[in-house]
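Engineer: how does the following fold in three dimensions:
(2 chains)
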2 protein chains.
Amino acid sequence: MKQEKKLPQLNTVLSPALLSLYDLSSNVVVIIDVLRATSTIATALYNGAKEIIPVASVAECIKLGKQLDVITAGERDGQVAEGLQYGNTPFQYDENFIKGKTLVLTTTNGTKLLHMALAANAEEIVTGSFCNLSAVSDYLIQQNKNVILACAAWKNKVNLEDTLLAGAIIANIKNSFSINCDASAIAETLYQQAQDNLYEFMKNKNASHYHRLMGFGLEKDLRYCLTINNANVLCIYKNGRLVNPVIPGK
Amino acid sequence: MKQEKKLPQLNTVLSPALLSLYDLSSNVVVIIDVLRATSTIATALYNGAKEIIPVASVAECIKLGKQLDVITAGERDGQVAEGLQYGNTPFQYDENFIKGKTLVLTTTNGTKLLHMALAANAEEIVTGSFCNLSAVSDYLIQQNKNVILACAAWKNKVNLEDTLLAGAIIANIKNSFSINCDASAIAETLYQQAQDNLYEFMKNKNASHYHRLMGFGLEKDLRYCLTINNANVLCIYKNGRLVNPVIPGK
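Structural biologist: Numbering: from 1, shown residues only, chains lettered A, B, ... in the order given. Next comes the predicted model:
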């Protein structure tokens, strides 16, 4: 009798406040903060950043930046945090600016969630965004391990854009996983409705973060962060740093 | 200049673990536990139950049932809880059985969430299900107060059926509310995809509770609980009891 191949499990967590319901220890955890932390991370690594050190607090970011004499960046509530040099817009991190450099980064939701996943003993952590959708999807299939898609949300409130990215990843990789998770079904259904025009979907659905960023004049950021594969590198957390493992030290 | 009417706010909470993010004090909170607590509650009141006393624990249910000499019912993990007389299937509560009677009820998710909302000072509490969709929707419009649609989920994990009902209520009442809540947009989008055949949608999306109940041979319950307006009464919490205010003591 032919034995059926046992597929790894995939689960989606729509808010950091739900992360503790899952055992992360044997999982690859994908940190999702589409607007804008994980889009910015992908962009910086795509443009040749040596590494990104994600930290949970602004104070830690300032301290570590001084110690290492490197760039500090981050936001609180969508704007550059006081005491940091740069913000969370992917457009800051072009090749001229970031190539070969180290960046210490803190954001309202994304870097916090990454540290929660670390504390919960995630076996492996990568960051995901529309900017690096294919790289993440391919990696998850290749690893053949259990996966948690962890949405950073907004101060624990479920948001559209992170749920949409979870759905996009699921659409790409579902045949390689066993999915018994209603949140995953919700995310995938949502993405199916949105995929033809993510920006218009966010606008039409009155997404809270759409309004937050438009209020800051950041339509350009919004459109960029909702574009698929425009910074298509794997962003993997190793030894306290997010790096692109394919071209180390590019 | 004509002043625009200020609409009340509507928010959707996809898991009890997210309820504390919201101020319930000036809200009508709709407790949603489609499979099966709030469907059973609507059915019992529709069939003339005098009142339903929701309690959080099995022990409390047994104790109160003895004190009042009334029917006790409830489930844990989808099956009749030990020590209780009846389960959580709506088919138990026909007119012959329940008319004029008091029921003390405890369930895995729904009655727990109701007590969380009480503890968080909800201004008013009603229960919602597909069985009483129109009654709930009409009431919310008529009250003209802020609304929280609170999904009971499954042990805090977001589920399809409760999210779908939130979406169905939103579809009915959205013109009377100001909705700046991504979870509401997600719920409504999901419902739009599912509304033509809720049962098939649950089956096709591999809903976890679909499998749980089918595993217990409860397809009949599933189909009933996904039928719109088959027990269309308002179920409102007053003085520790859920009652149908329209026909008190029917």
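Engineer: point out the residues in chain A that sit beside chain B.
Structural biologist: A:14-15, A:17-18, A:21, A:154-160, A:163, A:179-183, A:185-186, A:189-190, A:192-193, A:205-209, A:211 (Cβ under 8 Å from any Cβ of the partner chain). From N, CA and C alone the C-beta is placed, and that goes for glycine too.
Engineer: how far off centre is the lowest-mean-pLDDT helix or strand in chain A?
Structural biologist: Ranking every helix and strand in chain A by mean pLDDT, DSSP states H and E puts strand A:79-80 at the bottom, with a mean of 82. Taking Cα atoms, centre = their mean, to the nearest Å, one finds strand A:79-80 lying 18 Å from the centre of the chain it belongs to.
Engineer: do stretch A:212-225 as well
Structural biologist: When distances are taken as Cα atoms, centre = their mean, stretch A:212-225 is centred 17 Å away from the chain's centroid.
Engineer: so A:S20 is in contact with A:N121, correct?
Structural biologist: No: using Cβ atoms under 8 Å, A:S20 makes no contact with A:N121, being 11.9 Å away.
Engineer: quick one: low-confidence ranges for chain A?
Structural biologist: Counting by pLDDT under 70, chain A contains low-confidence ranges at A:1-4, A:247-250.
Engineer: can you rerun that using 50?
Structural biologist: Applying pLDDT under 50 to chain A flags the ranges A:248-250.
Engineer: how near is A:P54 to chain B?
Structural biologist: Look at A:P54 and chain B: by Cβ to the nearest Cβ, to the nearest Å, they are 24 Å apart.
Engineer: so where do the strands sit in chain A?
Structural biologist: A:10-13, A:27-32, A:51-54, A:71-76, A:79-80, A:102-106, A:124-128, A:146-151, A:236-238, A:241-243 (DSSP state E).
Engineer: and those as CSV, adding mean neighbour count?
Structural biologist: CSV is the format used below for those (neighbours: other Cβ atoms under 10 Å in any protein chain shown):
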stretch, mean neighbour count
strand A:10-13, 26
strand A:27-32, 29
strand A:51-54, 24
strand A:71-76, 23
strand A:79-80, 14
strand A:102-106, 25
strand A:124-128, 26
strand A:146-151, 28
strand A:236-238, 17
strand A:241-243, 21
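Engineer: same list (those) but as a markdown table, adding distance to B:L84.
Structural biologist: Formatted as a markdown table, the strands of chain A follow (distance: least, Cβ to Cβ, whole Å):
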| stretch | distance to B:L84 |
| --- | --- |
| strand A:10-13 | 32 |
| strand A:27-32 | 37 |
| strand A:51-54 | 49 |
| strand A:71-76 | 50 |
| strand A:79-80 | 54 |
| strand A:102-106 | 51 |
| strand A:124-128 | 44 |
| strand A:146-151 | 36 |
| strand A:236-238 | 48 |
| strand A:241-243 | 52 |
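Engineer: between those strands, which one is nearest to A:F91?
Structural biologist: strand A:71-76 (12.4 Å; Cβ to Cβ).
Engineer: check which helices and strands that closest one is in contact with.
Structural biologist: helix A:58-68, strand A:102-106 (3 or more Cβ pairs under 8 Å, 6 or more residues apart in numbering or on different chains; DSSP states H and E).
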